[in-house]
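> here you go, sequence then predicted model.
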Amino acid sequence: MGVEVRNLCFSYGREPVLRDVSFTVEPGEILAVLGPNGVGKSTLFQCLLGFLKPTAGAVLLDGTDISRLSQPELAKHIAYIPQSAGSVFNYTVLDMVTMGMTGRLGLLETPGPNHREKAMEALRGLGIDHLASRGCNQISGGERQLMLLARALVQEAKVLLMDEPTANLDYGNRFRVMKRVEDLSKQGYTVIFSTHEPGHAFRYADRVLALLGGSVLAEGPPEEVLTEETLSMLYGIPVAVRVAEVGGMEYHVSIPHL
């Protein structure tokens, strides 16, 4: 399912937050959204989820304006994966994933064996089925993020919206989570994720949206967008971009310096 954002504007009262933002993400593509804190990334995500109504412009799913869809209908198409965080209640991992099917249950219907098996399939697909009976507050941050990803998958939405999916994760878990995201895009999922890590955009994204001051500073393939000049403008520090060769493959890396 493709996503098109067309001339999107949003204001809190008289304070403009997003100004004429436009981009397209095709099925199977990964879009990384970069920009400093307070640039409007969270507001953009809220508009994509239908929680905020744009003051101008539109968000379209396969050509349909999401303003025409109810929240339950929209939830069938877009799944939101927040930053990894603990739960007030220590539900089991299986129960947390099963909750992702709530929007597809009928009135007064409760999850049954078929729903729980579907949740187990999602856990197996992400390699964490051995955690099914563990409390969600008794697993690592990386495992918790994969659990939230599994919950989004059982929602059966083809668009995954991820808010800084590797925030607060260690080096190894960052790689594991992003590798799973990359695998999902190859299965046809449309992925949009925000990040403060240019390296993740270089390595995993097909396209990059760089936001500054609520407007699009640049949009396109990572190697074209994430130049030294653009990164320095985004973050207000000098940034060098270099190419490293590992195992016969080239990787772009960004290095802040003074």
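Happy to help now that I have it. Predicted model only: the values in this text are computed from it and were never measured.
> what helix or strand does the residue most central in space within the chain sit in?
Most central residue of the chain, judged by C-alpha distance to the mean C-alpha position with C-alpha atoms, centre = their mean, is residue 162 at 1.9 Å. In the assignment (DSSP states H and E), residue 162 maps to strand 159-163.
> what strands line up against that strand, and which way round?
With DSSP bridges as the test, strand 159-163 is paired with strand 78-81 (parallel), strand 190-194 (parallel).
> name the next helix or strand downstream of it, please.
helix 171-186.
> what about the strands in this structure?
Counting by DSSP state E, the chain forms strands over residues 3-12, 15-25, 30-34, 56-61, 64-65, 78-81, 159-163, 190-194, 207-212, 215-220, 239-246, 249-256, given from the N-terminal end onward.
> for residue 133, which of the ones you listed is the nearest?
Counting by C-beta to C-beta, residue 133 lies closest to strand 78-81 out of these; the figure is 22.4 Å. Heads up, the C-betas are built off the backbone N, CA and C, glycines and all.
> and the contacts of the closest one?
Contacts with strand 78-81, where a contact means C-beta atoms under 8 Å, 6 or more residues apart in numbering, come from 45, 48-50, 61, 100, 145, 148-149, 151-153, 155, 157, 159-163, 165.
> circling back: grab the nearest non-local neighbour of the residue nearest to the centre of the chain.
Closest residue to residue 162 in three dimensions, ignoring its sequence neighbours and counting by C-beta to C-beta, 6 or more residues apart in numbering: residue 193, at 3.9 Å.
> low pLDDT regions in the stretch 101-250 of the chain?
Along the stretch 101-250 of the chain, the model assigns pLDDT under 70 to residues 103-109.
> run the last query once more with 90
Of all residues in the stretch 101-250 of the chain, those with pLDDT under 90 make up the ranges 101-116, 118, 122, 124-128, 136-157, 164-181, 246-250.
> quick check: residue 185 touching residue 31?
No: Residue 185 is beyond contact range of residue 31, at 10.0 Å (criterion: C-beta atoms under 8 Å).
> gap between the residue nearest to the centre of the chain and residue 24?
18 Å (C-beta to C-beta, to the nearest Å).
> with residue 67 instead?
Computed as C-beta to C-beta, the residue 67 to residue 24 distance reads 18 Å.
> what of residue 225?
When C-beta to C-beta is applied, the distance between residue 225 and residue 24 equals 15 Å.
> neighbour count: these two, which is higher?
Neighbours per residue, other C-beta atoms under 10 Å: of residue 225 and residue 24, the larger number sits with residue 225, 22 against 14.
> I'd assumed residue 212 was in contact with the more buried one.
No: in terms of C-beta under 8 Å, residue 225 does not count as a neighbour of residue 212; the distance is 11.9 Å.
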